[in-house]
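J.: with the input below, show me the fold.
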Amino acid sequence: MFVPGGRVGVLLIHGLGGTPVELRFIAQGLARAGYTVYCCQLAGHCGTPEELRRSTWYEWYASVEAAHDKLKQHCDVVLAGGLSMGGILALHLAQKRPDDVHGLLLYAPTLKLDGWSMPWHSVLLQYVRPLPLKLEIDLAERDPYGIKDERVRRLVVSSMQSGDSGAAGIFSTPLRSFAHFNSLVAAVKPDLGKVRQPTLIVHPRDDDMASLKNAQYLQANLGGLVDTLVLDDSYHIVTLDQQRHLVADRTERFVSWVETSVASKGGAAAPVTRGVAVE
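T.: Here you go, the predicted model:
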């Protein structure tokens with residue numbers, strides 16, 4: 001999903017096993033505000049579990065860099081953001097291209113799966129790493145599927161069960177994909193302090209997949225200004241859930257602030273100071 005607009009662009013990245021549709025509502029709001037928006041598709045996604053199983057986190061990140069390159073052709077200022085694992089990929093982009101990413105938007109960013117609906121054995125998932133052996137196990141999605149809004153949840157589950165992975169993602173995620181997700185997190189965490197770009201974190205207090213501790217860890221370890229919004233009536237997929245309008249509004253205000261801040265510095269990314277704003 002690419003929507004051309006002004007010289008300020010926003011790159012949005014979906015989560016593991018997900019689809020760009022997860023971010024459509026946010027993207028549409030930004031597009032109406034006049035921004036150029038690109039919801040990229042990660043390698044191996046929007047297809048079958050086997051296609052996802054064969055892909056690696058290096059390929060997922062390569063998809064992000066390619067999308068960033070495309071957006072830079074149209075924009076002078078670029079913010080990067082994502083849902084769940086997509087937020088971690090956005091952080092990695094900011095680490096690798098600090099001069100070309102001017103701000104970050106992290107929606108329920110996930111360093112580990114420790115939400116209240118996760119099974120007891122999910123604690124073991126964080127120790128899985130890619131191996132030469134084939135890992136053919138698939139882990140099924142669990143109710144409530146990251147969505148508190150019952151109407152939206154029914155639509156998403158219906159799409160997943162129909163096999164329409166391009167609309168709602170896949171119904172089960174390969175264990176091998178979790179192994180690559182863990183490798184991505186391991187690559188990003190040591191250099192969080194080098195991320196100096198201003199960052200908006202939106203995380204639900206009752207996240208069913210990734211607890212609020214994920215946001216708190218990033219808030220404490222990122223090297224720049226952090227603006228944190230804690231939602232009180234949403235589950236993991238905050239970009240589609242009951243408070244999506246609040247998420248969209250906060251996103252647009254943050255992007256506008258970054259745009260103004262960069263402009264006031266004559267086109268250079270605004271220097272940031274360590275700080276936290278919690279709502």
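J.: so where's this protein uncertain?
T.: By pLDDT under 70, the low-scoring segments of the chain are 132-138, 140, 160-171, 267-279.
J.: ranges for the helices of it?
T.: Secondary structure of the chain, counting by DSSP state H: helices at 24-32, 49-54, 57-72, 85-96, 122-125, 150-161, 165-168, 175-188, 213-221, 244-264.
J.: what residues are up against Leu200?
T.: For Leu200, the contact set (CB atoms under 8 Å, 6 or more residues apart in numbering) comprises 81, 103-106, 227-229, 250-251, 254. Every C-beta, even on glycine, is put in place using the N, C-alpha and C of the backbone.
J.: let's go with 10 Å and repeat that
T.: Leu200 is in contact with 79, 81, 103-107, 225-229, 247, 250-251, 253-255, 257-258, 277, counting by CB atoms under 10 Å, 6 or more residues apart in numbering.
J.: which residue comes closest to it once chain neighbours are left out?
T.: Spatially, and ignoring its direct neighbours in sequence, Leu200 is nearest to Phe254 (4.4 Å; CB to CB, 6 or more residues apart in numbering).
J.: from Glu22, how far off is the one you found?
T.: Here the criterion is CB to CB, to the nearest Å. By it, Phe254 lies 19 Å from Glu22.
J.: only whichever of the contacts of Leu200 are buried, select them in ChimeraX.
T.: To isolate the buried members of the contacts of Leu200 in ChimeraX, using 16 or more other CB atoms under 10 Å:
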select :79,81,103,104,105,106,107,225,226,227,228,229,247,250,251,254,255,258
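J.: surely His180 meets Tyr58?
T.: Yes: the criterion here is CB atoms under 10 Å, and His180 meets it with Tyr58 at 8.3 Å.
J.: which one of the two has more residues nearby?
T.: Under the criterion of other CB atoms under 10 Å, the comparison of His180 against Tyr58 puts His180 first, with 24 against 12.
J.: if I pick that one, what's in contact with it?
T.: For His180, the contact set (CB under 10 Å, 6+ apart) comprises 16, 44, 52-53, 55-60, 85, 128-130, 174.
J.: recalculate using a threshold of 6 Å.
T.: Residues counted as contacts of His180 (CB atoms under 6 Å, 6 or more residues apart in numbering) are 56-57, 130.
J.: also Asp100?
T.: No contacts exist for Asp100 under CB under 6 Å, 6+ apart.
J.: ok, it to Ala220 distance?
T.: 26 Å.
J.: tell me, how many residues neighbour the nearest residue to Leu131 once chain neighbours are set aside?
T.: In space, and not counting its chain neighbours, Leu131 is closest to Ala179: 7.3 Å by CB to CB, 6+ apart. Ala179 has 18 neighbours, counted by other CB under 10 Å.
J.: any idea how far the residue nearest to Leu200 is from Arg151?
T.: From Phe254 across to Arg151, the span is 28 Å (CB to CB).
J.: Asp149 contacts Gln242, doesn't it?
T.: Yes: between Asp149 and Gln242 there is a contact at 4.6 Å, judged by CB atoms under 6 Å.
J.: spatially nearest residue to Arg97, not counting backbone neighbours?
T.: Nearest one to Arg97, counting by CB to CB, 6+ apart, is His68 at 6.9 Å.
J.: partners of Tyr107 in the sheet?
T.: With DSSP bridges as the criterion, Tyr107 is bridged to Leu83, Val202.
J.: wait, it sits on Leu240?
T.: No: Tyr107 sits out of contact with Leu240 when judged by CB under 6 Å, with a separation of 10.1 Å.
J.: residues near the residue nearest to Val152 when sequence neighbours are not counted, how many?
T.: Of all residues not flanking Val152 in the chain, Leu240 sits nearest, at 5.7 Å (CB to CB, 6+ apart). Neighbour count for Leu240, taken as other CB under 10 Å: 26.
J.: how about the contacts made by the residue nearest to Gly9 when sequence neighbours are not counted?
T.: Distance criterion CB to CB, 6+ apart; nearest residue to Gly9, sequence neighbours excluded, is Cys75 at 3.4 Å. If you count contacts by CB under 6 Å, 6+ apart, Cys75 has them with 7, 9, 36.
J.: and if we set it to 7 Å?
T.: Applying CB atoms under 7 Å, 6 or more residues apart in numbering, we find Cys75 in contact with 7-9, 36.
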